[in-house]
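Q: no sequence on this one, just coordinates:
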């Protein structure tokens, strides 16, 4: 299964969109559902952003990059240390 990560990138930070990553994006959203196909992932990721305040208020120098990653990798990357609750 795939999870869409929606990156909002500033052209002043990353003039080349291919260089935009989770580490340097000005905003990151995660699609709350998992999907099976990359094309569905991209389409739903873009639609999800459009429904948010962040998506409706993009500045002229911001671009959007949707990346689709295996859901298990996202879960591992955001796993909380044992005994600690997320806030």
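A: Good, I have the coordinates. Predicted, not measured: the structure shown is a model, and the values here were computed from it.

Q: can you give me the helices for the chain?
A: Secondary structure of the chain by DSSP state H: the helices cover 38-50, 53-56, 71-77.

Q: for the last one, packing partners?
A: Helices and strands touching helix 71-77, by 3 or more Cβ pairs under 8 Å, 6 or more residues apart in numbering; DSSP states H and E, are strand 2-10. C-betas here are computed from N, CA, C, even on glycine.

Q: what does the strand it packs on contact?
A: 17, 20-22, 24-31, 34-38, 41-42, 44-46, 48-49, 54, 58-59, 61-71, 74 (Cβ atoms under 8 Å, 6 or more residues apart in numbering).

Q: what do you get for stretch 57-73?
A: Residues outside stretch 57-73 that contact it (Cβ under 8 Å, 6+ apart): 1-12, 17, 20, 25-26, 34-35, 38, 41-42, 45-46, 49, 55.

Q: so for it, mean pLDDT?
A: In this model, stretch 57-73 carries a mean pLDDT of 95.

Q: bridged to residue 27, which residues?
A: Beta-bridge partners recorded for residue 27 (DSSP bridges): residue 8.

Q: centre of the chain to stretch 13-27, how far?
A: In terms of Cα atoms, centre = their mean, to the nearest Å, the centre of stretch 13-27 is set 11 Å apart from its chain centre.

Q: buried set for it?
A: Residues of stretch 13-27 classed as buried: 14, 20, 25, 26, 27 (neighbour count, 16 or more other Cβ atoms under 10 Å).

Q: which residue is the nearest non-sequential neighbour of the first one?
A: It stands for residue 14. What sits nearest to residue 14 in space, not counting adjacent residues and going by Cβ to Cβ, 6 or more residues apart in numbering, is residue 20, at 4.6 Å.

Q: I'd say that neighbour and residue 26 touch.
A: No: look at residue 20 against residue 26 with Cβ atoms under 8 Å: they stay out of range, at 9.4 Å.

Q: show me where pLDDT drops low in this structure?
A: 78-87 (pLDDT under 70).

Q: ok, back up a step: now the helices of the chain as a markdown table including mean neighbour count?
A: Converted to a markdown table, the helices of the chain look like this (neighbours: other Cβ atoms under 10 Å):
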| stretch | mean neighbour count |
| --- | --- |
| helix 38-50 | 16 |
| helix 53-56 | 12 |
| helix 71-77 | 12 |
